[in-house]
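Asker: got a predicted structure here, sequence first:
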Amino acid sequence: MKKGFTLIELICVIVLLGIIAMIAIPTINTAINNSKEKAYNEQIALIEDTAKTYTSKHSLKLPNQTNGSKLCVSVAEMQKDGLLTSEAIQNPNYEEGSTDAKKKNKTFTGSVVITWKNNKYLYKYEQNPSC
């Protein structure tokens, strides 16, 4: 009696491994992309919260309390003030050579736009703010 596997048995194992890979790889990629998006949103929330801290230290810079008045606080200003470090604001979605706004910068370089609206200040991070 010969020892070993037949060609049919080996082909069946390879086919089964291929099927498992076809099922597993998209699921893993989805999980990775979801975690990158969650980390990206957490970074944005950190930057916006840091802008709140910045404006509490520099309250005279806040915009007038008239609807639509704006102020931009750049990430660079917050870093200069010691509130953010470049390590703390790495972009988890970064892809070298990408043209997508969410993926092209290794770190966040935009600004937080602070707007007075409906009797409160709104903080929104923008990569390329209009103010």
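Answerer: Now that the structure is in, tell me what you want to look at. Residues are numbered from 1 along each chain as shown.
Asker: look up how far K117 lies from P63.
Answerer: Distance from P63 to K117, counting by C-beta to C-beta, to the nearest Å: 10 Å. For the C-beta atoms, the positions are set from N, CA and C on the backbone; glycine is no exception.
Asker: what's the helix or strand where S56 lies packed up against?
Answerer: Under the criterion of DSSP states H and E, S56 resides in helix 7-57. Where contact means 3 or more C-beta pairs under 8 Å, 6 or more residues apart in numbering; DSSP states H and E, helix 7-57 is packed against strand 70-74, helix 75-80, strand 111-117, strand 120-126.
Asker: quick test: name the residue nearest the centre of the chain.
Answerer: What sits nearest the mean C-alpha location of the chain, by C-alpha atoms, centre = their mean, is Y40, with 1.7 Å.
Asker: looking at P63 and K117, which is more packed in?
Answerer: Between P63 and K117, counting by other C-beta atoms under 10 Å, P63 is the more crowded of the two (17 against 11).
Asker: contacts only, for the more buried one.
Answerer: With contacts defined as C-beta atoms under 8 Å, 6 or more residues apart in numbering, P63 is in contact with S69, K70, L71, I114, T115, W116, Y121.
Asker: first-to-last residue distance for stretch 84-93?
Answerer: One end of stretch 84-93 sits 19 Å from the other (C-alpha to C-alpha, to the nearest Å).
Asker: need the contact partners of that stretch.
Answerer: With contact meaning C-beta under 8 Å, 6+ apart, stretch 84-93 is reached by 36-37, 39-40, 43, 46-47, 50, 75, 78-79, 102-103, 105-108.
Asker: give me the mean pLDDT for it.
Answerer: Taken as a whole, stretch 84-93 carries a mean pLDDT of 84.
Asker: name the residues of that stretch that are buried.
Answerer: For stretch 84-93, a neighbour-count test (16 or more other C-beta atoms under 10 Å) marks L84, I89, N91, N93 as buried.
Asker: state the distance from the second one to L7.
Answerer: Same thing as I89. Going from I89 to L7 by C-beta to C-beta gives 56 Å.
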